[in-house]
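[1] 3D, please:
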Amino acid sequence: MTLSKLVSALALCFALGLSLLPRASAADEMFGGRTVLVMVDDAGCIYCAKWEREVRTGYEASAEGRFAPLEKWRIGSGELSALGRLSYTPTFVLVVRGQEAGRIIGYAGADFFWAEIDRLYAKAGFRPEPVVAPPVERRADAMPPKTEPIR
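    Okay, here's the model as predicted:
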């Protein structure tokens, strides 16, 4: 084998080896490996506005909102091509460590949204922290008996 054929064979092996290495997805590059909930909206979308009024504040204050902070993007934004086809607003795309975990298309009300978020986040491995009631200082049955007022 001549030296030029050997160099060509080694270059081909190197190129094939590089192609087998895992590549960062476009979403991973866009979100830097973070976990986020992307809301794709449109300026005239009445359902987007309804979601804003009914859900946004509660979502941002929730354990789900801490797990995947909200990022709003306008439909048609060039950067969103990393998430594939987006035709309807609102569309909510859960990106977990840079990979799409699922999406919710449309908004049919708060109850529907939260049910879908629970299903989607469970699929992504999210487990909310249990709600722990604050300790009770004194139980009612442990209270000292009432005494009669002194007259």
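[2] what's the mean pLDDT across stretch 70-79?
    Average pLDDT, stretch 70-79: 92.
[3] kindly check the end-to-end length of that stretch for me.
    In stretch 70-79, first residue to last residue: 16 Å (C-alpha to C-alpha, to the nearest Å).
[4] do the same with stretch 59-68
    10 Å.
[5] same question for stretch 123-133.
    Start-to-end, stretch 123-133 (C-alpha to C-alpha) is 27 Å.
[6] how about it: buried residues?
    Across stretch 123-133, burial judged by 16 or more other C-beta atoms under 10 Å covers 124, 126. For every residue, glycine as well, the C-beta is placed using N, CA and C.
[7] what's in contact with it?
    63-64, 67-68, 94, 96, 101-102 (C-beta atoms under 8 Å, 6 or more residues apart in numbering).
[8] now intersect those residues with the helices, please.
    63-64, 67 (DSSP state H).
[9] the helices in the chain, which residues?
    3-20, 26-31, 46-51, 57-61, 63-67, 110-123.
[10] helices or strands next to the third one in the packing?
    Identification of packing neighbours for helix 46-51 by 3 or more C-beta pairs under 8 Å, 6 or more residues apart in numbering; DSSP states H and E yields strand 36-41.
[11] buried ones in stretch 54-70, by neighbour count?
    So for stretch 54-70, counting by 16+ other C-beta under 10 Å, buried means 55, 59, 64-65, 67-68.
[12] stretch 42-53 now?
    Buried residues in stretch 42-53 (16+ other C-beta under 10 Å): 45, 47-48, 51-52.
[13] may I have that stretch as PDB, with CA atoms only?
    Extracted C-alpha coordinates of stretch 42-53, given in PDB (Å, rounded to 0.1, in the frame of the first residue of the first chain):
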ATOM      1  CA  ASP A  42     -48.100  35.000  18.800                       C
ATOM      2  CA  ALA A  43     -49.100  38.600  19.300                       C
ATOM      3  CA  GLY A  44     -52.700  38.100  18.400                       C
ATOM      4  CA  CYS A  45     -53.200  34.700  20.100                       C
ATOM      5  CA  ILE A  46     -56.200  34.900  22.400                       C
ATOM      6  CA  TYR A  47     -55.400  31.600  23.900                       C
ATOM      7  CA  CYS A  48     -51.900  32.800  24.700                       C
ATOM      8  CA  ALA A  49     -53.300  35.800  26.500                       C
ATOM      9  CA  LYS A  50     -55.800  33.600  28.400                       C
ATOM     10  CA  TRP A  51     -52.900  31.300  29.500                       C
ATOM     11  CA  GLU A  52     -51.000  34.400  30.700                       C
ATOM     12  CA  ARG A  53     -54.000  35.500  32.800                       C
END
